[in-house]
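Undergrad: Next come a sequence and a model predicted from it.
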Amino acid sequence: MDQTTEAVVKEEQPAQPDVQTTTTLSSDQPQAEVSKVDFKSLIPDAYKEEKALQNFQDMDGFVKSYLHSQKLVGSDKIPIPNKYATDEDWNAVYEKLGKPTSPDGYEYNLPKEAKLDENSLKAFSTEAHKLGLLPKQAQGIIKYYNDLAGASETEANTKAEAARTEAEKNLRKEFGSTFNDRITAAKKLATSTLGNEFLNNTLLQDGSKLGDNPTVVKAFADLAAQMSEDNIIKGDAPAYMSEKEINRQIASLQQPGSAYWDKKHPSHADVVAEVQDLIRKKNNEQDVE
């Protein structure tokens, strides 16, 4: 290799630095702390008492709320209040949606036999207006509770009627042929003692009327039976006989040779009618031909 070639080779080789230096950032170096600013201190004195600003805690929340409001300017949409909204903000929304200006603006389409009285409806309207309910919502709630009250009353009446029927069945079995007479005497005594209005309008815990309650009816029937022995119960209350007494009287009227068997006897028809009446009482029947 001659000198010229050697010189060219030396020229093409890149120059190497004499010293290689590396710069690194240490995580141990202190960083500048971000200072927190009290948002309320930034509010001018003239606006510090504004309720709309009381819910903001920092500038970030305030700016987001402002930008949200600006986007809705000129829009025909109803803005949805954010978490910083006051009761006044929400009330403005309710009014735009159709909230009545006063509790009197609520109207309820209920049947004539509605279970909710006028005072209850007025009290509900006041609360509904306070909560911002729309008329349709208020109507739906009232209808629901009125239907619920009606269903409860129907169920109570059904149970009371079932209990009355069962009690009557047991009393008929216990009183036998004297059932009608004893019940009549019991009602007469109860009415003269307590009065019809009290008997019909007083409801017991099981939902039955006082005058229909089997325990009360039986008590008055037993009391009437005891009092009748001392002639305390008077008037048109029919006397009643035991089944044994009825059989004895029928046997007496149907003796051989009596008017019951002699169709030509002038009392035949009367005696037959009396026997039939006794048989009806014995069988506790109302209409027997």
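TA: Structure's in. What do you need? Values in this document were obtained by computation on a predicted structure and should not be read as measured data. Residues are numbered from 1 along each chain as shown.

Undergrad: So residue 99: helix, strand or coil?
TA: Here residue 99 is recorded as coil under DSSP: H, G, I helix; E, B strand; the rest coil.

Undergrad: Counting neighbours, what do you get for the residue lying closest to it once chain neighbours are set aside?
TA: Using Cβ to Cβ, 6 or more residues apart in numbering and skipping residues adjacent in sequence, the residue nearest residue 99 is residue 132, 5.5 Å away. In short, each C-beta sits where N, CA and C put it, glycine included. Residue 132: 15 surrounding residues under other Cβ atoms under 10 Å.

Undergrad: Distance check, residue 132 against residue 107.
TA: 17 Å (Cβ to Cβ, to the nearest Å).

Undergrad: what helix or strand is the closest residue to residue 175 other than its chain neighbours on?
TA: Closest residue to residue 175 apart from its sequence neighbours, by Cβ to Cβ, 6+ apart: residue 182 at 5.1 Å. Using DSSP states H and E, residue 182 sits in helix 179-194.

Undergrad: what comes up buried for whichever helix or strand comes after that helix?
TA: Next in sequence after helix 179-194, counting helices and strands by DSSP H and E, comes helix 196-201. Neighbour-count burial for helix 196-201, with 16 or more other Cβ atoms under 10 Å as criterion, is recorded at residue 199.

Undergrad: Might you report the residue contacts of residue 247?
TA: Neighbour list for residue 247: residue 282 [criterion: Cβ atoms under 8 Å, 6 or more residues apart in numbering].

Undergrad: what about residue 78, which SS state?
TA: Residue 78 ends up coil, using three-state DSSP.

Undergrad: Count the neighbours of it for me.
TA: 12.

Undergrad: Distance-wise, check it relative to residue 55.
TA: Noted for residue 78: a distance of 20 Å to residue 55, by Cβ to Cβ.

Undergrad: And residue 262, by the same measure?
TA: In terms of Cβ to Cβ, residue 262 sits 108 Å off from residue 55.

Undergrad: More neighbours: which of the two?
TA: When neighbours are counted by other Cβ under 10 Å, residue 262 and residue 55 differ, and residue 55 comes out ahead with 15 against 12.

Undergrad: and residue 157, that's in a helix?
TA: Yes: Residue 157 forms part of a helix when assessed by three-state DSSP.

Undergrad: Residue 121 reaches residue 107, doesn't it?
TA: No: when contacts are counted by Cβ atoms under 8 Å, residue 121 is not listed as touching residue 107 (9.8 Å).

Undergrad: out of the two, which sits in the more crowded spot?
TA: More neighbours surround residue 121 than the other of residue 121 and residue 107, with 18 against 12 (other Cβ under 10 Å).

Undergrad: Chain neighbours aside, what residue packs nearest to the more buried one?
TA: Residue 121's closest residue in space is residue 108 (Cβ to Cβ, 6+ apart), at 6.1 Å.

Undergrad: show me what contacts the residue nearest to residue 99?
TA: Contact analysis of residue 132 by Cβ under 8 Å, 6+ apart lists 90-91, 94, 99.

Undergrad: where does residue 108 land in three-state SS?
TA: coil.

Undergrad: let's number from 51 now, not from 1
TA: Noted, 51 is the first residue going forward, which turns the last one into residue 158.

Undergrad: Thank you kindly, that will do.
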